[in-house]
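Asks: here's a sequence, model it:
(chains A, B, C and D)
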2 protein chains.
Amino acid sequence: MDIEVQLQQVFDLPPAQVREISQYFVEETVGKGEFFLANGQRADRLSFIASGIFRVFAQTESKEVTQWIGGEGYFITDLSSFLFDNSSRWQIQALTDAKILSLYRSDYQRFESLLPQWNVAEKRFIAKCFMVLESRVFDFISLSAEERYLQYFEQHKAFFNQVPLQFIASVLGITPETLSRIRSKVGG
Amino acid sequence: MDIEVQLQQVFDLPPAQVREISQYFVEETVGKGEFFLANGQRADRLSFIASGIFRVFAQTESKEVTQWIGGEGYFITDLSSFLFDNSSRWQIQALTDAKILSLYRSDYQRFESLLPQWNVAEKRFIAKCFMVLESRVFDFISLSAEERYLQYFEQHKAFFNQVPLQFIASVLGITPETLSRIRSKVGG
DNA sequence: TTATCTTCTTGATAAATGTCAAGGGCGTTG
DNA sequence: CAACGCCCTTGACATTTATCAAGAAGATAA
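Replies: Numbers count the residues shown, from 1 in each chain, chains lettered A, B, ... in the order given. Next up, the predicted model:
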């Protein structure tokens, strides 16, 4: 999964600017189980997942809740923490060994003066994140747990042999037992 | 509910610029039952609700699904349609007679050259929309229907005597019957 | 006013999902 | 190898939620 291709798609900038931007992403590795973003930290980077899988989760009084799972080709961060320098609502942990390309906030902030079209690109990026969540809310209010599973499975087959099903269950808003039963019922 | 106060809060611009922006919002009225945004249209305006209540919904094969309900002091539009000129995923209908202040896209697009800080403000606005949805997803995966109801009731008491409960049920992802039973159980 | 429509509630029942507990598979570690 | 931990599955049962049907309350229109 090439970062320039992804940057092109997400930010919709001309190739020359994509190439320029991509130089600010620095390679990092995160070991399985390590935290990309730990409890109470601020997100100081936006990272492209070159390989590996991460989960974004929060701790409630009674349980851990996995908000979403990101794999190769996705960008990962706590968006509001990264954009506004709030302390993060989420923790982010690597579920496998991972290679990422990280854009630190200090560099990110220079893009505005560096690239004439950066504001439009950034807007597009944030709006796309918005649209993804909009679809997710719609799924929760319009689909059954089984339908949500089937859709998730279609779109994220790659996760199913690499991430504990309990985390996928949490993303779908159901218990691990229910996910197990849905899977034995529908096959796959 | 004053639009300048809301603009200030949402876009976080200095008072002088808020005043300048607010001049581009034009007054409109929408009668009860009329559509602010009908099936298949594009959202060509971002509107501030001065009074009245709207619902944002979509039609699936089997049912109508209400995505959210907005009242006085909120902004309303299909964000992705408005920003990118896509055809809208949502229909928006007035549930009561309403007065709105509408910013049309043609004016909106001039802000970028008009106001030096517009890009930052716009980013902030879109990111706030993102954060609202992020919280909503979190509620779906971490709260029970009853807990979601109680929270919604606390935050939107004003709706409960003005909008059909079936729409609120849909926003909460439950049936009208279930909402009715939750209400008789918890009181309120 | 009467009639009609929409909305809400309630009951009976079915289906979906959660909870608790037990056990099995499988990789890791000593 | 044996012991352990983690994860998944399965069963039994409880709870939650949906579905279908009926009827009451309230608004609207004739």
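Asks: which ones are touching residue A:163?
Replies: Residue A:163 is in contact with A:53, A:55, A:69, A:95, A:96, counting by C-beta atoms under 8 Å, 6 or more residues apart in numbering or on different chains. Every C-beta, even on glycine, is put in place using the N, C-alpha and C of the backbone.
Asks: surely residue A:119 meets residue B:116?
Replies: No. In this structure, residue A:119 is not within contact of residue B:116 by C-beta atoms under 8 Å, at 11.6 Å.
Asks: now the contacts of residue A:163 as TSV including secondary structure?
Replies: Formatted as TSV, those follow (DSSP: H, G, I helix; E, B strand; the rest coil):
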residue	secondary structure
A:53	coil
A:55	strand
A:69	strand
A:95	coil
A:96	coil
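Asks: got a ChimeraX select line for the buried ones in the residues you listed?
Replies: In ChimeraX, a selection of the buried entries from these looks like this (16 or more other C-beta atoms under 10 Å in any protein chain shown):
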select /A:53,55,69,95
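Asks: so residue A:119 and residue B:116 - more neighbours on which side?
Replies: Shown here are residue A:119 and residue B:116; by other C-beta atoms under 10 Å in any protein chain shown, residue A:119 has more neighbours (17 against 9).
Asks: same for the host helix or strand of residue A:21, what does it pack against?
Replies: Element membership for residue A:21 (DSSP states H and E) is helix A:15-22. Judged by 3 or more C-beta pairs under 8 Å, 6 or more residues apart in numbering or on different chains; DSSP states H and E, the packing partners of helix A:15-22 are helix A:3-11.
Asks: what lies in contact with the helix it packs on?
Replies: A:13, A:15, A:18-19, A:21-22, A:25, A:48, A:50, A:73, A:75, A:101, A:121-122, A:124-125, A:128.
Asks: which among the residues you listed count as buried?
Replies: A:13, A:18, A:21-22, A:25, A:48, A:50, A:73, A:75, A:101, A:121-122, A:124-125, A:128.
Asks: of those residues, closest to DNA strand D?
Replies: Nearest to DNA strand D, judged by C-beta to the nearest atom of the strand, of the buried ones among the contacts of helix A:3-11 is residue A:73 at 22.3 Å.
Asks: the closest one: what's it in contact with?
Replies: By C-beta under 8 Å, 6+ apart, the residues touching residue A:73 are A:1, A:6, A:48, A:49.
Asks: relative orientation of the helix with the most length in chain A and helix A:3-11 in degrees?
Replies: Using DSSP state H to define each element, chain A has its longest helix at helix A:118-142. Interaxial angle, helix A:118-142 versus helix A:3-11 (axes from the mean of the first three to the mean of the last three C-alpha atoms, to 10 degrees): 70 degrees.
Asks: which residues are contacting helix A:118-142?
Replies: Residues contacting helix A:118-142 (C-beta under 8 Å, 6+ apart): A:10-13, A:79, A:83, A:111-112, A:115, A:148, A:151, A:173, B:58, B:60, B:63, B:65-67, B:79-80, B:83-84, B:89, B:112, B:119, B:122-123, B:126-127, B:129-130, B:133-134, B:136-137, B:140, B:170-173.
Asks: any idea which element residue A:181 lies in?
Replies: Per DSSP H and E: helix A:176-186 holds residue A:181.
Asks: run the chain-centre distance for that helix.
Replies: When C-alpha coordinates are averaged (C-alpha atoms, centre = their mean, to the nearest Å), helix A:176-186 and its chain have centres 25 Å apart.
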